[in-house]
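Asks: below are the sequence and a predicted model; questions follow.
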Amino acid sequence: MSKPTSPPAGGWGALKTTLQRIEPGNARITLKALIRANQPEGFDCPGCAWPDKPSAAIQFCENGAKAITHEITANRVTREFFATHTVSELNTWDDYALEQQGRLTEPMRFDAASDRYLPISWDDAFALIARHLNAITPDEALFYTSGRTGNETAFLYQLFVRAYGTNNLPDCSNMCHEPSGRALTASIGTGKGTVTLADFEAAEAIFIFGQNPGTNHPRMLGELREAARRGCRIVVFNPLRERGLISFQDPKSPAEMLAGGATAIATRYFQPRIGGDLAIAKALIKHVLETGSDDAEFIARHTDGFAELAADITATGWDELAEHSGLSVAELQEAGALYAASHATMFTWGMGITQHADSVATIQMLCNALLVRGNIGKPGAGACPVRGHSNVQGDRTMGINERPSAAFLAKLGEACGFTPPQAHGHSVVEAITAMARDRAKVFIALGGNFAAATPDTVATQTALRRQALTVQISTKLNRSHLIVGQDALILPCLGRTEIDLQDGVPQQITVEDSMSMVHLTRGVKPPASEQMLAEPVIVARMAAATLVERSPVDFIALTRDYDRIRDLIAAVVPGFTDFNQRVREPGGFYLGNSARELDWRTQSGKARFVVHPLSAPLLTRLAALTDEPLYTLMTVRSHDQYNTTVYDLNDRYRDIKGERRVVFIHPDDLATRGWQAGQRIDLVSVWFDGERSVSDFRLQPYDIPPGSLAAYFPETNPLVPLAHHAIDAQTPASKAIPVYLVAR
Ligand SMILES: Nc1nc2c(c(=O)[nH]1)N[C@H]1C(S)=C(S)[C@@H](COP(=O)(O)OP(=O)(O)OC[C@H]3O[C@@H](n4cnc5c(=O)[nH]c(N)nc54)[C@H](O)[C@@H]3O)O[C@H]1N2
Ligand SMILES: Nc1nc2c(c(=O)[nH]1)N[C@H]1C(S)=C(S)[C@@H](COP(=O)(O)OP(=O)(O)OC[C@H]3O[C@@H](n4cnc5c(=O)[nH]c(N)nc54)[C@H](O)[C@@H]3O)O[C@H]1N2
Ligand SMILES: [Mo]
């Protein structure tokens, strides 16, 4: 159980691990790079999408330092490495061991006869891709994107894919904040968060749902710390007690560090059961309506659908809300009172909200709760979905979207002189299904680790192996390089930290953060290998080789000077007029947010209240399939990983050392089974199409509600049924996996 005496998040522990990350032989260049992280003349940290604070001297955090030092590593994956190890052998290594090998250095092609990767020239690699793509119909090819890709690459990539003839552009958003985009667009007419960093200085209350910023957005703790110190109420809803949300010692505050002090973060920490948030949002609304603390003027002026919402909320009893949320009626009313007392409230949320079957409904109910108190469009208030990858939001803005709007396609076609395909393409889940059913034959990934990040690992990897060609454009070795189609390529690219020279001139790229700020980023150190290419160049050469005569633009010419790509973006993407000029202003520019301006771009021109019933508990429906006691498992990140990249085997804030196969469980659940802490078990997930399992995990008693379990991904991804995903968004429900436990 977490002890009240637990040290705060941040502090000397953070400083120590930051310094430990630096490889001794690589110290000078690493420190030089770290100092320039998130600075006007430096690069955007490839860690998370949290915005930069104007004028802060040090802009990186402990986990940003991990992302940077792991990109800067002196270790190299060379042709000799691939000559020494067969692909079958490498597949027996764990993700941590793969990550330790360092940077990929030259293009490699899989050779099935020797079960090894062999060197291939760039020209031959692009010719091979072109040959495969031109042998199939465009809808049989899949083009995945992970969210580290900069705007310029993303724009060129979607242009290439659409000129080739498909909208098959699945991306990591599909597994992440897709439900936020869908829910918010329907409710308030924009898919992005409505707040800016300045709102953290004006909020009277910040409600944090299903998010662990201490690990995943450590710089957000700085904002929360300042807010807490000036008396802002911070109210947390999370089944697990996450240390970063309890107290924080700021490594950038000498006074706090030297005095050994810390700032308490959460004013109140509620521990609902996993999946209890839809009921919590309804309870907040119910309390507001019962106490007459709704903003009647705002509702009348800016919204429609209030009568239906009020009727639904009135008909839902407090006991029902308590049962669904896992909080008591008293706790729900206490949360409601905290909400009603604040005149400017912000809701932030992460994967604990989005990775559920009813995530779209939950986010719309959170939005309803904001709207009943007029908490959108005023300082200190609003919706704040906290994005993951550093440019995942920008990639979407640039058109990486399997369901592009007709307006976007029209603009793209007009500016580039071709007719883009109109039919929607495949999301991540649909892409896996298409591969499994032989409706897809070529899989190309611009970054990421599709084979490990996706659900239903066994089925997904079987589907990937059925491909005629798999291509991975990557910086570091990972599982996806080892799950090969008949033909497979590894194309190594420059990372964020590296100097990108085109025609001898250093280039800059741009990114958009979680709060819609667009700014430049430029590399600061020489590339890890001379044989790597920049991402925009890889995409351009792939496009030129494949499209030849039918290419709508001269892709190669565009990459000689990235300003030219930005000029094209300015002609296509709304909000990017004078892109090259505006992005050179210090700090870049703000894209704006219509809902923040009380401009509701919905069909009715008003913000919409959307009614959703509480869904029947999944475990009750699945209980008929097994005699075993069922639990709900959430899969989360440890403090030492970046999604599928495992930096180290510790999770400092949860007291885990040197291991990852751990399941967090309430002590009463252990006692009921007659089990001890440390008991080793297998996990079996139950679904309508059958069972899935992973083996040999250790049980760790923890402060988590009975019936709720937690474990790390990607180790637990084999348990996530492909068909178990968000309604209306298809985001895998990786926070709500129905499982039973088997003693070993
Ligand atoms: N260092 C580091 N930084 C990262 C990442 C990383 O892996 N490492 N990943 C990046 C990416 S892509 C993303 S999307 C973000 C992810 O950032 P987070 O959203 O913080 O990610 P998770 O680790 O999945 O944590 C989910 C949190 O939700 C809680 N939770 C789970 N289920 C529920 C529920 O039903 N209700 C409620 N209220 N809470 C619940 C969990 O206890 C946990 O605290 O971080 C980004 N930043
Ligand atoms: N069970 C479970 N599954 C999940 C989640 C969960 O919470 N639970 N979270 C989901 C979420 S939110 C997300 S966003 C996805 C993430 O899914 P992905 O984005 O596909 O996975 P990552 O692990 O972030 O990708 C890491 C790889 O990206 C490559 N890379 C790093 N930097 C660069 C770069 O600059 N350029 C290029 N081209 N490649 C680079 C490296 O080779 C590295 O190995 O995972 C999802 N999967
Ligand atoms: Mo994410």
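Replies: Nice, I can see it. Ligands and ions are numbered 1, 2, ... in the order given.
Asks: for the residue nearest to Leu670 when sequence neighbours are not counted, give me its contacts.
Replies: Leaving aside its chain neighbours, Leu670 sits nearest to Pro701 (6.0 Å; criterion: Cβ to Cβ, 6 or more residues apart in numbering). Quick note: C-beta positions are derived from backbone N, CA and C, even for glycine. Listed by Cβ atoms under 8 Å, 6 or more residues apart in numbering, the contact partners of Pro701 are 1, 664-667, 670, 677.
Asks: among those, which ones are in helices?
Replies: 667, 670 (DSSP state H).
Asks: out of the contacts of Pro701, who's nearest Ala330?
Replies: For the contacts of Pro701, the minimum distance to Ala330 (Cβ to Cβ) is 20.7 Å, reached by His666.
Asks: not counting sequence-adjacent ones, nearest residue to the closest one?
Replies: Pro706 (4.4 Å).
Asks: can you check Val428 too?
Replies: Sequence neighbours aside, Asn174 is the residue nearest to Val428 in space, at 4.0 Å (criterion: Cβ to Cβ, 6+ apart).
Asks: tell me how far the one you found lies from ligand 3.
Replies: As judged by Cβ to the ion, to the nearest Å, Asn174 and ligand 3 stand 10 Å apart.
Asks: same question, Thr190
Replies: 20 Å.
Asks: can you tell me the element that residue falls in?
Replies: Under the criterion DSSP states H and E, no helix or strand holds Thr190.
Asks: neighbours of it, how many?
Replies: 22 (other Cβ atoms under 10 Å).
Asks: who wins for most neighbours among the contacts of Pro701?
Replies: Using other Cβ under 10 Å as the neighbour test, those are led by Ile665, with 27 neighbours.
Asks: contact partners for it?
Replies: Contacts for Ile665 (Cβ under 8 Å, 6+ apart) come out as 631, 699-702, 704, 709.
Asks: the residue nearest to His666 is in contact with Asp668, isn't it?
Replies: Yes: Pro706 is within contact range of Asp668, at 5.1 Å (criterion: Cβ atoms under 8 Å).
Asks: which residues does the closest residue to Pro527 other than its chain neighbours form a beta bridge with?
Replies: Spatially, and ignoring its direct neighbours in sequence, Pro527 is nearest to Glu498 (4.6 Å; Cβ to Cβ, 6+ apart). Under DSSP bridges, the beta-bridge partners of Glu498 are Lys525.
Asks: so Glu498 is in contact with Ala528, correct?
Replies: Yes: when contacts are counted by Cβ under 8 Å, Glu498 is listed as touching Ala528 (7.0 Å).
Asks: circling back to that earlier point, tell me how far the residue nearest to Pro527 lies from Glu535.
Replies: Distance of Glu498 to Glu535, computed by Cβ to Cβ, to the nearest Å: 11 Å.
Asks: quick test: name the residue nearest the centre of this protein.
Replies: What sits nearest the mean C-alpha location of the chain, by Cα atoms, centre = their mean, is Gly388, with 3.3 Å.
Asks: which residue is the nearest non-sequential neighbour of that residue?
Replies: Here the residue nearest Gly388, using Cβ to Cβ, 6+ apart, is Cys176, at 5.1 Å.
Asks: hmm, that neighbour is touching Met351, no?
Replies: Yes: with contact defined as Cβ under 8 Å, Cys176 reaches Met351; the gap is 7.0 Å.
Asks: quick check: neighbours shared by the two?
Replies: With Cβ under 8 Å, 6+ apart, Cys176 and Met351 have common neighbours Gly388.
Asks: what residues does the stretch 501-650 of the chain put near ligand 2?
Replies: 535, 635, 643-645 (Cβ under 6 Å from any ligand atom).
Asks: next one: the residue lying closest to Pro379 once chain neighbours are set aside relative to ligand 3, how far apart?
Replies: Spatially, and ignoring its direct neighbours in sequence, Pro379 is nearest to Ala202 (4.2 Å; Cβ to Cβ, 6+ apart). Distance of Ala202 to ligand 3, computed by Cβ to the ion: 28 Å.
Asks: and the pLDDT for Ala202?
Replies: What the model reports as pLDDT for Ala202 is 98.
Asks: again, but for the one 10 residues further on
Replies: Per-residue confidence for Asn212 comes out at a pLDDT of 97.
Asks: so it sits right up against Ser638, yeah?
Replies: No: in this structure, Asn212 is not within contact of Ser638 by Cβ under 8 Å, at 10.2 Å.
Asks: what sits up against whatever helix or strand Ala335 lives in?
Replies: Here Ala335 sits within helix 329-341, counting by DSSP H and E. Helix 329-341 is touched from outside by 205, 207, 233, 235, 237, 267-268, 270, 280, 283-284, 286-288, 291, 293, 318-319, 321-322, 325, 327, 345, 369, 373, with contacts defined as Cβ under 8 Å, 6+ apart.
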